[in-house]
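Engineer: below is the sequence, then the predicted model.
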Amino acid sequence: MVEQVPSTSSRSARLVLPPTGSLAEGLKAAFADIVAHAQDCARAAAADPVTAVHRYRKALRRARALIRLARSFLGTQAHGKLSNELRSLHRITSAQRDRDVVLSTLESLDLAARVPALTENLRNATAPADTMSPESVVEILRQGATRLDPLPDTFAAALPDRVTWRDLARAIRKSYQRARRKMQEAHTSGHDDGIHEWRKRTKELNYQTELLTSVEDSGTGRERHRQFANLAEKLGKIIDLMVLEEFVRERATADERERVLKAIKRTKKKRLKRTFKSGARIVEEKPKVFARQMIEATRSVYNKTRGVGDASPTSSRAKAAEEQTRAIHEPDTAAHEPDTTAHEPDTTAHEPDTTAHEPDTAAHEPDTTAHEPDTTAHEPDTTVETMSQAEVAGATPRRAVEV
């Protein structure tokens, strides 16, 4: 289900595209608002440090998703500067991350009571020696809030004055293509790191569709956002199993190791089968079809709110709306441009996903997509088609079914 986000701030905890002013102004406002929400959470840390950290980190993650969506508008230098600073701020709060997810996952398998030695070992092994005191958390977040101050101005200065719906359609299409491609790669390889990559791209797309559907009353776009949120949650549970598996291999006794690994393998196989099956359904649309649906639903409400839809056919506002409508349907000549920011490392992989107070267990490996060009523009749209009907129906990666 879509994540419920209680807020310590009067600002929205979600990415919201204000339906006022130009599209570029809306994106600037969306970024400024989510950064301000992160600062509000940081400044409320004295009352409840644990909750403040969770909400602060989620706000930073949303800000990074917006930066990635806008990277072709921002340019390589500005995108890199913003992304690096947000990543650094997120990483600082990562000292405590594994114990809760490892133990809760073990308990979810109904094994904790049956392997007491391992359970105690995990508690001791994952208890951080340098656990931050509440005072330290408050100070770290205070410094983080200060470091966030210049970022909205940096974003606003780098973003062009004119961003079209076609630009936004191209950007969301690329995000969808990345998530789609990572699903296919994960299905083909069955490797854990492939699942990590798929999940990261899915969460990114989830936050980006959250932005686009924030001005939509209801309908297809909002439903697609819910689907990506649900898919990201399912992938998170699979990755929790992967982290537990790593700890068990390193720390369990021979007898307990075999018992727990069998349970993990069995559960992971079932979850992967269901998740690949639902994932294939969610991304069965062609990227251009998906982008058109998302953008047209958003644009319609956005322009209606601004009064563009009521303008006369000869008015400049009506002409601008018609021009942007044509732009969405025109061939995308920029589709073959390389993704020049793909060489920037994405170290969010080392950070927990604190959604609903659960760490992001994809935290243990780098984002390998950061070192490769974005070739989605050059690829045939075969993500779903290359999976046979039997594979889509069963949707279990090859390695995941090995016994």
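Structural biologist: Received, thanks.
Engineer: excluding chain neighbours, give the residue nearest to V16 in space.
Structural biologist: Spatial nearest neighbour of V16, excluding adjacent residues (C-beta to C-beta, 6 or more residues apart in numbering): S214 at 4.3 Å. The C-beta positions use only the backbone N, C-alpha and C, and glycine is treated the same way.
Engineer: now swap in A78 and tell me
Structural biologist: A158 (3.4 Å).
Engineer: related to what we said a few turns ago, hmm, the residue nearest to V16 is touching A13, no?
Structural biologist: No - in this structure, S214 is not within contact of A13 by C-beta atoms under 8 Å, at 11.8 Å.
Engineer: and whichever strand or helix holds K81, what's its mean pLDDT?
Structural biologist: Under the criterion of DSSP states H and E, K81 resides in helix 76-92. Confidence for helix 76-92, expressed as mean pLDDT, is 94.
Engineer: for it, packing partners?
Structural biologist: Packing partners of helix 76-92 (3 or more C-beta pairs under 8 Å, 6 or more residues apart in numbering; DSSP states H and E): helix 49-69, helix 71-74, helix 134-148, helix 151-158.
Engineer: using CSV, write out every CA atom in the longest one.
Structural biologist: Coordinates of the C-alpha atoms in helix 49-69 are reproduced here as CSV (Å, rounded to 0.1, in the frame of the first residue of the first chain):
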residue,chain,number,x,y,z
PRO,A,49,15.3,11.9,17.8
VAL,A,50,14.4,8.5,16.3
THR,A,51,11.3,9.7,14.5
ALA,A,52,13.1,12.8,13.4
VAL,A,53,15.9,10.8,11.8
HIS,A,54,13.4,8.5,9.9
ARG,A,55,11.4,11.4,8.5
TYR,A,56,14.5,13.5,7.7
ARG,A,57,16.0,10.6,5.7
LYS,A,58,12.7,10.0,3.8
ALA,A,59,12.6,13.7,2.8
LEU,A,60,16.2,13.5,1.6
ARG,A,61,15.4,10.5,-0.5
ARG,A,62,12.4,12.2,-2.1
ALA,A,63,14.6,15.2,-2.8
ARG,A,64,17.2,13.0,-4.5
ALA,A,65,14.4,11.4,-6.7
LEU,A,66,13.4,14.8,-7.9
ILE,A,67,17.0,15.7,-8.6
ARG,A,68,17.4,12.6,-10.7
LEU,A,69,14.1,13.3,-12.6
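Engineer: list the buried residues of the longest helix seen in the chain.
Structural biologist: Ranked by number of residues, the top helix in the chain under DSSP state H is helix 220-251. Going by neighbour count (16 or more other C-beta atoms under 10 Å), the buried part of helix 220-251 is 221-222, 224-245, 247-248, 251.
Engineer: where's the closest residue to R64 other than its chain neighbours relative to P287, distance?
Structural biologist: Leaving aside its sequence neighbours, R64 sits nearest to L86 (C-beta to C-beta, 6+ apart; 5.0 Å). Distance of L86 to P287, given as C-beta to C-beta, to the nearest Å: 26 Å.
Engineer: also T275?
Structural biologist: Here T275 is placed at a distance of 21 Å from P287 (C-beta to C-beta).
Engineer: ok, now Q227?
Structural biologist: According to C-beta to C-beta, Q227 and P287 sit 16 Å apart.
Engineer: cool, Q177 as well?
Structural biologist: Separation of Q177 from P287 (C-beta to C-beta): 5 Å.
Engineer: need the pLDDT of G219.
Structural biologist: On the pLDDT scale, G219 gets 72.
Engineer: from memory it sits against A297, does it?
Structural biologist: Yes - contact criterion C-beta under 8 Å: G219 and A297 qualify, at 5.8 Å.
Engineer: neighbour count winner among these two?
Structural biologist: It is A297, of G219 and A297, that has more neighbours when counted by other C-beta atoms under 10 Å, with 21 against 13.
Engineer: in the helix or strand that contains that one, what's buried?
Structural biologist: If you go by DSSP H and E, A297 is part of helix 287-306. Buried positions in helix 287-306, judged by neighbour count with 16+ other C-beta under 10 Å: 287-288, 290-292, 294-303, 306.
Engineer: check which helices and strands it is in contact with.
Structural biologist: helix 165-189, helix 192-212, helix 220-251, helix 316-329.
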